[in-house]
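Asker: Output the structure for:
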Amino acid sequence: MTKIVIRTDDVAGFFSRAKYAALRADRGEPFKGGITLSFEDPQRMFTVLSEGRRRLMLEVMHESRTINELSQRLRRNRSAISKDVGLLEKAGLLVSQRQANPGHGIQKVVRSVAPRIEMVATLA
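Answerer: Numbering: from 1, shown residues only. Now for the predicted structure:
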């Protein structure tokens, strides 16, 4: 996947984009690799994508990191990082996997689902 677009939009805008995508599919036009995540309310978008979560996403955008690495790099509590990773995974922005950490058990490695994420907020 090439990018994710996070935007604010209402239901009418969502269906307008979906209709346009369906028309393109009917014509056999290719789809660009990407995902759009929409929020109806800009405040909700910025609550979910708080400054701390945006910094976390930037840390894993081009290189996977463990929870411990993220905790150290961001100078945040490990449990807070784990909670934020879980929320961002549910939103479809991050993925994680458990892997062996020789001599120390298991560690969770986190990565972004795309190398580029665009945030667009429109106030109307």
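Asker: Show me what secondary structure element comes after the helix of greatest length in the chain.
Answerer: In the chain, taking DSSP state H as the definition, the longest helix is helix 11-26. Of the helices and strands lying after helix 11-26 in sequence (DSSP states H and E), the nearest is strand 34-39.
Asker: quick revisit: which parts of the longest helix of the chain are buried?
Answerer: Within helix 11-26, no residue counts as buried by 16 or more other Cβ atoms under 10 Å. Yep, even glycine has a C-beta here, placed from its N, CA and C like the rest.
Asker: buried ones in the helix or strand bottoming out on mean pLDDT in the chain?
Answerer: Least confident element among the helices and strands of the chain, by mean pLDDT, DSSP states H and E: strand 34-39 (a mean of 80). By neighbour count on 16+ other Cβ under 10 Å, the buried set for strand 34-39 is 36-39.
Asker: Just want the most central residue of the chain.
Answerer: Within the chain, the residue whose C-alpha comes closest to the C-alpha centroid is Leu93; the distance, by Cα atoms, centre = their mean, is 2.0 Å.
Asker: Next, that one: phi, psi?
Answerer: The phi and psi values for Leu93, taken as degrees, to the nearest 10, are phi -100, psi -30.
Asker: Please report how far it lies from Arg27.
Answerer: Per Cβ to Cβ, to the nearest Å, Leu93 is found 31 Å from Arg27.
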